[in-house]
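[1] Sequence first, then the predicted structure:
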Amino acid sequence: MAWFKKDKPASQKHVKVPEGLWIKCNSCKEIIYRKEVERNLKVCPKCNYHFRISAKERIHLFVDEGSFIETDKNLSSNDPLNFSPEGKDQVPYKTRLEEVRESTDLTEAAISGNASIDGHPVIMIVLDFSFFGGSMGSVVGEKFVRAVEKASEERLPFISIASSGGARMQEGIISLIQMAKTSAVISKFKTIGKPYISILADPTFGGVSASFAMLGDIIIAEPKSLIGFAGKRVIEQTINQQLPDNFQTAEFLLEHGMIDIIVPRKDLKRTISNILSLTAGDK
């Protein structure tokens, strides 16, 4: 009977494609080979959309190899308000913290430390959106303050890279206090005459954009990043007006004088190095 069997043409045979080999761009919706995106620093080669990357990836791309020394690594939240699930959340805050620490291999939503950029020594802090949406709670605020105070003591430039949904709701008023706390320490830092460079990545919203993220001496954004306080839909419902399609994009903010420059990811290190050469006075 095998004589009468016909093999399917090669074109009709089912080919198994390994999972995760392709990625869909959030902007242009094109299907792109994942390794091509990774080679391009996780930027879409079709439309220049900048995918979100982790804090560790940013540090790797941004600073001189082997120069980053992390500080305050063991600081972590301990649920200061005893945020329980009854009527507030389905899962206790402590449980959520344990889960996100395990999935991200981070203790908190921010990584801070000493580094150098083309030989320029700096102090920096980087927010990671994958940890509770990069939200600023008591520990993120404390890490930020300690990093700025260290920059003041060592008389070094300070750099922050924000990617955040805003204040962390599970820490309530304690989270909101961090807005004043971080703003105050930046005000004090500016008296030493060293630059504070604030870099805004997609997205930067809420209490982070309303505090330290928009207080930089120089404010840089990645292309097409969404930056604002409340979401576009909330604002439209509040003021009962339709907003422009590009509202809250980096390009809109640049046009209206809210940020200083938009820099593609591949050019960011060189741009920061040039700024430091002009302003830091360490070379």
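    Good, I have the coordinates.
[2] three-state assignment of residue 35?
    helix (DSSP: H, G, I helix; E, B strand; the rest coil).
[3] Could I get the full set of strands for the stretch 151-283 of the chain?
    158-164, 196-204, 218-221, 261-262 (DSSP state E, counting those that start in this stretch).
[4] now the first one and strand 196-204, what's the angle there?
    Strand 158-164 runs at 10 degrees relative to strand 196-204, counting by axes from the mean of the first three to the mean of the last three C-alpha atoms, to 10 degrees.
[5] Run through the neighbouring helices and strands of strand 158-164.
    Applying 3 or more C-beta pairs under 8 Å, 6 or more residues apart in numbering; DSSP states H and E, one finds that strand 158-164 contacts helix 55-62, strand 120-127, helix 138-154, strand 196-204, helix 206-209. C-beta here means a position set from N, CA and C on the backbone, and glycine is covered the same way.
[6] so of the strands of the stretch 151-283 of the chain, which one's packed in deepest?
    strand 158-164 (a mean of 27; mean count of other C-beta atoms under 10 Å).
[7] all helices of the stretch 151-283 of the chain, in order?
    For the stretch 151-283 of the chain, helices defined by DSSP state H, counting those that start in this stretch occupy the ranges 172-189, 206-209, 232-239, 250-255, 268-279.
[8] got the contact list for the shortest one?
    Okay, so that is helix 206-209. Helix 206-209 is contacted from outside by 127, 134-136, 162, 164-167, 175-176, 178-179, 200, 227-230, using C-beta atoms under 8 Å, 6 or more residues apart in numbering.
[9] try it again with 6 Å
    136, 162, 164, 165, 166, 167, 179, 229 (C-beta atoms under 6 Å, 6 or more residues apart in numbering).
[10] what's the answer for stretch 250-257, then?
    Contacts of stretch 250-257 (C-beta under 6 Å, 6+ apart): 221, 225, 227, 246, 259, 262.
[11] Quick check: the residue lying closest to residue 244 once chain neighbours are set aside vs residue 236, distance?
    Excluding its sequence neighbours, the residue lying closest to residue 244 (C-beta to C-beta, 6 or more residues apart in numbering) is residue 252, at 7.0 Å. Separation of residue 252 from residue 236 (C-beta to C-beta, to the nearest Å): 15 Å.
[12] who's more crowded, the two?
    Per other C-beta atoms under 10 Å, whichever of residue 252 and residue 236 has more neighbours is residue 252, with 18 against 13.
[13] Spit out the contact partners of residue 32.
    Here residue 32 is in contact with residue 23 (criterion: C-beta under 6 Å, 6+ apart).
[14] Next, count neighbours for the closest residue to residue 73 other than its chain neighbours.
    Leaving out its chain neighbours, the residue that sits closest to residue 73 by C-beta to C-beta, 6+ apart is residue 107, at 6.6 Å. The number of residues packed near residue 107 is 18, by other C-beta under 10 Å.
[15] and what of residue 242?
    Residue 242 has 9 nearby residues by other C-beta under 10 Å.
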